[in-house]
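Engineer: no sequence for this one, just the structure:
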C-alpha cells in the first residue's frame with residue numbers, strides 16, 4: 001500500500017542518530033523515517049493501550065501526536081498504563097503521557113486535549129491528522145471515533161483488550177484504489193455490541209496491553225511509511241492464556 005504521509009525534507013542530526021536503526025530497516029529506511037517525522041497522529045486514550053502506543057510512536061520519531069483523554073492518573077492504573085508514574089497520580093493523563101513522549105523524543109510536538117471525546121467534538125479533535133488510533137474503553141467513544149474517522153476518510157487503527165484477550169484491526173472508509181473499505185460497523189453492526197464490562201469489574205492483564213498496544217503502533221507505522229500489509233480487512237485476535245494469535249478475515253457488509 002502506498003505511504004500515507006509525505007516525507008519532511010530532512011531530519012535533525014540528533015534525530016538521525018536516535019533513529020539510526022530505522023534507517024537500515026527494510027521497508028522504512030531514511031525516507032520512511034522522514035515520513036514518520038511528517039506524520040500527525042491522534043491517539044484516543046492514554047491508558048492501557050494508549051500508553052504503549054504513545055511510547056512506541058514517540059520512540060519511532062513521529063512528528064506530531066495529539067493525545068485525547070479526560071481522565072487523571074490513579075494508582076490502580078499503574079499496573080498496565082506504562083506512560084505514567086507514581087508521582088503522576090492525580091495528574092491529567094494527557095499531561096503525564098506528554099511528559100513521557102517528550103522524554104523519549106524531544107522533537108515530537110505534543111498536543112494535549114484534556115477533554116472527553118464525543119460525537120460533537122471528534123471532528124474538531126481530528127482536524128489535520130493523518131490517522132487515528134483508538135485505545136478508548138467505552139463503546140460509545142469507539143462509535144464516535146469511528147464515525148468521525150469514516151466521515152474524514154482517514155484510517156482508524158483500532159484495538160480492544162479485556163481480561164486475557166485482545167483484538168486489533170484497521171478500519172478505513174476511503175482506502176486507496178484496490179482495497180475494499182472496512183468500517184467498525186462491519187465488525188459490530190450498530191446496536192449489536194452493547195457495553196462490555198469494565199477493567200474494574202473483570203480485570204485486564206497488564207502485559208497484554210503492552211502487546212496489543214505495540215501492534216497498534218506497528219500498524220500506524222506501516223500505514224505512514226507504506227511498509228508491509230496493514231490489517232485492513234483482517235482482525236487479529238490474541239488469546240494470551242493459550243498463546244494463540246488468530247487472524248480472521250473481515251469483509252465489508254452490504255450497505256444501502
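Structural biologist: Great, that's in hand. Model, not experiment: these values are computed from the prediction.
Engineer: Where does the prediction get shaky in the chain?
Structural biologist: 192-194, 254-256 (pLDDT under 70).
Engineer: Just give me how far the helix ranked longest in the chain sits from the chain centre.
Structural biologist: Longest among the helix segments of the chain by residue count, using DSSP state H, is helix 206-225. Relative to the centre of its chain, helix 206-225 is centred 7 Å away, using C-alpha atoms, centre = their mean, to the nearest Å.
Engineer: Stretch 129-144 now?
Structural biologist: Taking C-alpha atoms, centre = their mean, the mean C-alpha location of stretch 129-144 is offset from the chain mean by 9 Å.
Engineer: what do you get for stretch 73-88?
Structural biologist: 19 Å.
Engineer: got the buried residues for it?
Structural biologist: Going by neighbour count (16 or more other C-beta atoms under 10 Å), the buried part of stretch 73-88 is 73, 77, 80, 81, 82, 83, 84, 88. Using the backbone N, CA and C atoms, a C-beta is placed for each residue, glycine as well.
Engineer: now stretch 171-187
Structural biologist: Within stretch 171-187, the residues that qualify as buried by neighbour count (16+ other C-beta under 10 Å) are 171, 172, 173, 175, 181, 182, 183, 184, 185, 186, 187.
Engineer: With secondary structure as extra columns, can I get the residues you listed in CSV?
Structural biologist: Output for the buried residues of stretch 171-187, formatted as CSV (DSSP: H, G, I helix; E, B strand; the rest coil):
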residue, secondary structure
171, strand
172, strand
173, coil
175, coil
181, coil
182, strand
183, coil
184, helix
185, helix
186, helix
187, helix
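Engineer: would you turn these into CSV with distance to residue 12?
Structural biologist: Shown next, in CSV, are the buried residues of stretch 171-187 (distance: C-beta to C-beta, whole Å):
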residue, distance to residue 12
171, 34
172, 32
173, 35
175, 33
181, 37
182, 37
183, 38
184, 38
185, 42
186, 42
187, 40
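Engineer: for those residues, which one is nearest residue 17?
Structural biologist: Of all the buried residues of stretch 171-187, the one sitting nearest residue 17 is residue 172; the distance, using C-beta to C-beta, is 34.2 Å.
Engineer: Please look at the closest one and residue 179 and confirm they touch.
Structural biologist: Yes: counting by C-beta atoms under 8 Å, residue 172 touches residue 179, with 7.5 Å between them.
Engineer: Quick check: neighbours shared by these two?
Structural biologist: Jointly contacting residue 172 and residue 179 under the rule C-beta atoms under 8 Å, 6 or more residues apart in numbering are residue 232.
Engineer: Look up phi and psi at the residue most central in space within the chain.
Structural biologist: Central residue of the chain (C-alpha atoms, centre = their mean): residue 133, 2.8 Å from the mean position. In this entry, residue 133 is assigned phi and psi values of phi -120, psi 120 (degrees, to the nearest 10).
Engineer: what's around residue 245, how many residues?
Structural biologist: Neighbour count for residue 245, taken as other C-beta atoms under 10 Å: 14.
Engineer: got the contact list for it?
Structural biologist: Listed by C-beta under 8 Å, 6+ apart, the contact set of residue 245 reads 236, 237, 238, 239.
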